[in-house]
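Trainee: Model the structure of this input:
(chains A and B)
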Amino acid sequence: MRKFDTKVQHLKYKVLREVARLAWDDKLLENILDIPEIIVPGKEATMRCCVYKERAIISERVKVAIGGDKNNPNIIEVIEIACDECPVGGYEVTNACRGCLAHRCEDVCKFGAISFDRDHVAHIDKSKCKECGACAKVCPFSAIVGRKRPCQNACKVKAISMNEDKSARIDNDKCIQCGACVYQCPFGAIVDKSFIVNAIDILKKSERNTRGGSYKVYAIVAPSISSQFSYAKLGQVVTGLKRLGFHDVIEAALGADMVALEEAKELSEKGLLTSSCCPAFVRYIKTAFPNLVEHISHNMSPMAVLAKYIKDTTPNSKVIFIGPCTAKKAEAQLDEVKPYVDTVLTFEELQALFDSRDLDLSSLEEGVLDNASYFGRIFARSGGLTDAAAQAMKEQDIDFEIKPVVCDGIEACRMALLKLNKGVLDGNFIEGMACIGGCIGGAGCLTHGEKNKSDVDKYGREALEKTIGDAVSLLK
Amino acid sequence: MIKITVCIGSSCHIKGSRQVVEQLQHLIAANGLGEKVELGGTFCMGKCQLGVCVTVNDTFHSVTPDGVKEFFENEILSKV
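Mentor: Predicted coordinates:
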């Protein structure tokens, strides 16, 4: 069965797997330079112009797989030599150009990029064009169109532009680390930094893997896991995690249950709230709508709340969050979250981790995963958080009419925030998720598809606890 | 102060740790021991076969939802 959506993901996975294999054996330092040739053997190029460029790019991928550029605070990095500088993109004259007399396009272009052929039809010289878009705006026939690069198109916060040499550049002040560009770049030139080596180091020195190890490692898994690893049963994934050295596997959905109760209270007290579960959405408000920051829920995310609970109740514990999200990697580095979450892995990275130990999930016995309620589990998809907040109102006898505005994808979030900013929002609770469909659309998912939402709902219905109160009663 | 810790990991959860916690909460309140007994949760204690796993001041006990009352009388009431 297919493990990934694209070959780009598969290539990234192979690099992560090789890095992980060496890290388990303490041979990373010794053999790291061998990885490019393991992944690109022989003399025939299959991806780029020659095997040497392919290997050079793999070397860069290895760097990102072991943590990336330490001087760049952003989780998302551009591998410049992998960027194809997409020549197909940019402004182009279509056959709607009628070869008119006015030549507004030529007059408005400050860079002298526009010329005309014998039929008076306009042409754009790509080497001169700066992609300002002025010609497209003035053409009375709308004959000039701007074809954006896949990365720029994916980036709805407009953080991606071009360097002088036309490679992609990320504006760290605008970037919300959602990973949309990572998933969309057809050349795999934009990548999320991996902390898989840190995770292996934590696991290796823990009680389960080292005699005399002084701590236990807990995996907090995001509920979207129910739509992933579809070639195995969820219980087998749990067993696989324990084989890697995790002491216990706990659902982030339990954290979601905890958050839902608090968020419902907070909403009824403040009367207006924006959700705080999605770190990319929170960062988007902070960077693009700083005057709305006061409305962000003060609750930490389900990941952070649950990690705090584990650290508070279990001395000598370490926590690794596993989810679909690149922005969670950035969240885990925030001062208020850092003490509780030791590192973050994506599902892509977890697949590499399993395979680096040659664990065949489908042949393992089934473990159990059962901590949370239906409502905590459906946080993984758009609308779930709102359902949970409404349920939490009911369970706590809070008399407050919740008027939700459910947004998935940054464009929808932006519309709602613009309305809130102008005071014309028809609602009192914005559920904001940066990814389309919610967390199941996350960049760190192995696969994305229509079925994912129904998988999450099904997993929700399988919860032993039907109410939020039942799920968290154990925690008090 | 007696500290009772109940495992709320997945395995014990399925074996009924919630019922154990709820009965203990009820028994503690009914006996007016709120000041003397502290009830808390923790994740996996590593003895899943013996679940529901419960510790009383770090001494391990295996408790089933049906045996909570007996456990409470023997291990808690006799010690306060």
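
Trainee: List the contacts of residue 3.
Mentor: Reading this off chain A. Going by C-beta atoms under 8 Å, 6 or more residues apart in numbering or on different chains, A:Lys3 touches A:His10, A:Tyr13, A:Tyr231, A:Gln351, A:Leu446, A:Thr447. Bear in mind the C-beta positions are built from the backbone N, C-alpha and C, glycine included.

Trainee: That was the other one, I meant chain B.
Mentor: Contacts for B:Lys3 (C-beta under 8 Å, 6+ apart) come out as B:Val37, B:Glu38, B:Gly40, B:Thr55, B:Val56, B:Asn57.

Trainee: Let's see that with 6 Å instead.
Mentor: Contacts for B:Lys3 (C-beta atoms under 6 Å, 6 or more residues apart in numbering or on different chains) come out as B:Glu38, B:Asn57.

Trainee: Over to A:Asp192?
Mentor: Counting by C-beta under 6 Å, 6+ apart, A:Asp192 has contacts A:Ile75, A:Ile76, A:Gly179, A:Val182, A:Thr326.

Trainee: Closest one of the residues you listed to chain B?
Mentor: Chain B has its nearest neighbour among these in A:Thr326, at 26.6 Å by C-beta to the nearest C-beta.

Trainee: Quick check, pLDDT for that closest one.
Mentor: What the model reports for A:Thr326 is a pLDDT of 98.

Trainee: Also A:Lys476?
Mentor: Reported pLDDT for A:Lys476: 61.

Trainee: Now do the phi/psi pair for B:Asp58.
Mentor: Dihedral angles of B:Asp58 (phi, psi; degrees, to the nearest 10) stand at phi 70, psi 0.

Trainee: what about the residue in chain B positioned nearest to chain A, distance to A:Ala219?
Mentor: In chain B, the residue that lies nearest chain A is B:Cys44 (3.7 Å; C-beta to the nearest C-beta). Distance from B:Cys44 to A:Ala219, counting by C-beta to C-beta, to the nearest Å: 11 Å.

Trainee: okay, the two: which has more neighbours?
Mentor: Shown here are B:Cys44 and A:Ala219; by other C-beta atoms under 10 Å in any protein chain shown, A:Ala219 has more neighbours (26 against 23).

Trainee: need the contact list for the more buried one.
Mentor: A:Leu241, A:Phe246, A:Val249, A:Ile320, A:Ile322.

Trainee: Which strands or helices does the helix or strand hosting the fourth one pack on?
Mentor: Okay, so that is A:Ile320. Using DSSP states H and E, A:Ile320 maps to strand A:317-323. Where contact means 3 or more C-beta pairs under 6 Å, 6 or more residues apart in numbering or on different chains; DSSP states H and E, strand A:317-323 is packed against strand A:216-221, helix A:302-313, strand A:343-346.

Trainee: Surely A:Asn421 forms part of a helix?
Mentor: Yes: judged by DSSP: H, G, I helix; E, B strand; the rest coil, A:Asn421 forms part of a helix.

Trainee: one step back: and the contacts of A:Asp192, which of them are in strands?
Mentor: Within the contacts of A:Asp192, residues falling in strands by DSSP state E are A:Ile76.

Trainee: now A:Glu30: how far from chain B?
Mentor: From A:Glu30 across to chain B, the span is 35 Å (C-beta to the nearest C-beta, to the nearest Å).

Trainee: Could you tell me the angle between the direction of the strand holding A:Ile320 and that of helix A:302-313?
Mentor: Here the directions of strand A:317-323 and helix A:302-313 differ by 170 degrees (axes from the mean of the first three to the mean of the last three C-alpha atoms, to 10 degrees).

Trainee: Only alpha carbons, please: show strand A:317-323 as CSV.
Mentor: Presented in CSV, the C-alpha positions along strand A:317-323 are these (Å, rounded to 0.1, in the frame of the first residue of the first chain):
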residue,chain,number,x,y,z
SER,A,317,9.7,12.0,32.4
LYS,A,318,10.2,13.2,28.9
VAL,A,319,7.6,14.0,26.4
ILE,A,320,7.7,13.7,22.6
PHE,A,321,4.7,14.9,20.6
ILE,A,322,3.8,13.1,17.4
GLY,A,323,1.5,14.8,15.0
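
Trainee: avg pLDDT for that strand?
Mentor: Regarding strand A:317-323, the rounded mean pLDDT is 97.

Trainee: would you list the helices and strands packed on strand A:317-323 in CSV and tack on mean pLDDT?
Mentor: Output for those, formatted as CSV (pLDDT from 0 to 100):
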stretch, mean pLDDT
strand A:216-221, 97
helix A:302-313, 95
strand A:343-346, 98
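
Trainee: could I get these as JSON lines with distance to A:Gly441?
Mentor: As requested, the helices and strands packed on strand A:317-323 are arranged in JSON lines below (distance: least, C-beta to C-beta, whole Å):
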{"stretch": "strand A:216-221", "distance to A:Gly441": "17"}
{"stretch": "helix A:302-313", "distance to A:Gly441": "17"}
{"stretch": "strand A:343-346", "distance to A:Gly441": "13"}
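
Trainee: wait, which of the ones you listed is closest to B:Ile76?
Mentor: Closest to B:Ile76 of the helices and strands packed on strand A:317-323 is helix A:302-313 (C-beta to C-beta; 20.1 Å).

Trainee: Please consider this matter closed, and thank you.
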